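Engineer: Return a 3D structure for these sequence lines:
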Amino acid sequence: MADDRQDELHSIIADDSASAVDLADFFNRLPLERAVAAARSLSGTRAQARVWEQVASNPPVVTSDLVPIDHPAMQAVVFHGKNSLPLFTEFEKICCRPDEQDSGESQPNELWGYNRSPTMKVVGPGYYVTHDTPDSELGACAFDYNRLPLRAAEGWPTIKPNERGVSRFVYNRMIDYMRRVADDVFIGLATRDEKSMSSWFLLVREL
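Structural biologist: Numbers count the residues shown, from 1 in each chain. Modelled structure (predicted):
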């Protein structure tokens, strides 16, 4: 039963003897729909902060771990998300690799994307560029809201600066750092001005 799997996940997180391997094994044996449901059962900061710490020993995430280098350019990859905020906790991060025609202005190992959520019409799409950050102490891969894609993929919302309107209260000056949980599961820590916001989010990738 789905509830049994969610109980198992909560038990792993609560177990001081559990490791990153236990978390990976749990998620890797679940199909997409059940992995998303399990991830979205983790509400609040305590559970997600615990996952962040449990996977600290995993190898650093780089951008190509999120979307493989050979994935078709400008073709969206969806990450189903669950954040640790009190409200509006379910969302999706939509990413793509830039087209070769943009390679002269963008780095080869970066992604373009935005956040799709029920509040998008109010707070904006929250566009970002994902890139590697090898000198950061928080993580090797970051969703950087200080940078905007050169253009939107077909069907994406209009690109809007994150320092304007309501977006400035949500996305302005933010960088999210990533750690890997399982093959298709990642956890991020939100920062503003390089300081932790004590806000985490789980992502389950759908390729």
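
Engineer: low pLDDT regions in this structure?
Structural biologist: Applying pLDDT under 70 to the chain flags residues 1-2, 101-108.

Engineer: Determine the longest strand present in it.
Structural biologist: Ordering each strand of the chain by length in residues (DSSP state E) puts strand 195-206 first.

Engineer: buried residues in that one?
Structural biologist: 199, 200, 201, 202, 203, 204, 205 (16 or more other C-beta atoms under 10 Å). Backbone N, C-alpha and C define where each C-beta goes, glycine included.

Engineer: my read: the fourth one touches residue 39, true?
Structural biologist: Yes: because the distance of 4.3 Å satisfies C-beta atoms under 8 Å, residue 202 is recorded as touching residue 39.

Engineer: For residue 57, give me its contacts.
Structural biologist: 19, 20 (C-beta atoms under 8 Å, 6 or more residues apart in numbering).

Engineer: what's the burial count for residue 44?
Structural biologist: Neighbour count of residue 44, defined by other C-beta atoms under 10 Å: 12.

Engineer: sorry, back to before: now, which of the buried residues of strand 195-206 sits nearest residue 70?
Structural biologist: Residue 70 lies nearest to residue 205 out of the buried residues of strand 195-206, by C-beta to C-beta, at 15.3 Å.

Engineer: Quick check: the closest one vs residue 46, distance?
Structural biologist: Applying C-beta to C-beta, to the nearest Å, the value for residue 205 to residue 46 is 24 Å.

Engineer: Please apply the same query to residue 168.
Structural biologist: Counting by C-beta to C-beta, the separation of residue 168 from residue 46 is 29 Å.

Engineer: about what we covered before: so what does the longest strand of the chain touch, helix or strand wise?
Structural biologist: helix 32-39, helix 45-54, strand 77-83, strand 174-182, strand 185-192 (3 or more C-beta pairs under 8 Å, 6 or more residues apart in numbering; DSSP states H and E).

Engineer: Tell me how many other residues surround the spatially closest residue to residue 112 that is not a sequence neighbour.
Structural biologist: For residue 112, ignoring the flanking residues on the chain, the nearest one in space by C-beta to C-beta, 6 or more residues apart in numbering is residue 149 at 3.5 Å. Residues contacting residue 149 under the criterion other C-beta under 10 Å number 20.

Engineer: Relative to residue 179, how far out is residue 149?
Structural biologist: Taking C-beta to C-beta, one finds residue 149 at 24 Å from residue 179.

Engineer: just residue 112 next, same as before
Structural biologist: 22 Å.
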